[in-house]
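> predicted structure and sequence below. I'll ask about it afterward.
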Amino acid sequence: MNVLCAAAIVGWSLIVPPLGQNNQVVEKNAPLARWEIIGTYDTAAACGKELDKLTALLAGNVSYTPIQARVLAGKCVTADDPRIHSDNFEAY
């Protein structure tokens with residue numbers, strides 16, 4: 001299998017950081033292995049579109065709940081990114 005085909009199979013994951021301290025603080029610097037996958041997509045564009053849609057829903061809020069803050073800190077990564085599938089606790 002060539003590299004291009006392998007990349008096409010991988011997919012993308014929309015992830016959000018964990019909550020800490022009584023579920024009130026978003027741990028944006030937590031290792032990606034602790035982040036929660038909230039969606040998977042075939043392309044980076046589809047993942048980014050979903051993230052944009054979610055963050056647009058929150059636009060204009062004066063104060064964010066911890067759950068909303070998690071979404072705002074969300075990011076798209078390749079589904080095979082070793083940082084989300086390992087016990088490597090180095091923050092990225």
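Great, that's in hand. Note that the coordinates shown come from a computational prediction; the quantities given were computed from them, not determined experimentally. Numbers count the residues shown, from 1 in each chain.

> longest helix of this structure?
helix 44-58 (DSSP state H).

> buried stuff in the very next helix or strand once past that one?
For helix 44-58, the following helix or strand on the C-terminal side (DSSP states H and E) is helix 66-72. Within helix 66-72, the residues that count as buried by 16 or more other Cβ atoms under 10 Å are 68, 69, 70, 71, 72. Every C-beta, even on glycine, is put in place using the N, C-alpha and C of the backbone.

> mean confidence score for helix 66-72?
Mean per-residue pLDDT for helix 66-72: 88.

> so how far is that helix from its chain's centroid?
11 Å (Cα atoms, centre = their mean, to the nearest Å).

> ok, residues contacting that helix?
16, 17, 19, 23, 24, 25, 26, 54, 55, 58, 61, 64 (Cβ atoms under 8 Å, 6 or more residues apart in numbering).

> one more: stretch 42-49?
Here stretch 42-49 makes contact (Cβ under 8 Å, 6+ apart) with 11, 12, 13, 14, 39, 41, 76.

> swap in 6 Å and give it another go.
11, 12, 14, 41, 76 (Cβ atoms under 6 Å, 6 or more residues apart in numbering).

> quick one: the last one from residue 86, how far?
Yep, that's residue 76 we're talking about. 18 Å (Cβ to Cβ, to the nearest Å).

> just the element for the most centrally placed residue in the chain, please.
Of all residues in the chain, the one closest to the mean position by Cα atoms, centre = their mean is residue 15, 1.8 Å from it. Counting by DSSP H and E, the element that carries residue 15 is strand 12-16.

> that strand pairs with which strands?
strand 36-41 (antiparallel), strand 75-78 (antiparallel) (DSSP bridges).

> give me the sheet partners of the helix or strand following it and which way each runs.
For strand 12-16, the succeeding helix or strand toward the C-terminus, using DSSP H and E, is strand 19-20. In the sheet, strand 19-20 lines up against strand 25-26 (antiparallel) (DSSP bridges).

> all good on my end, thank you.
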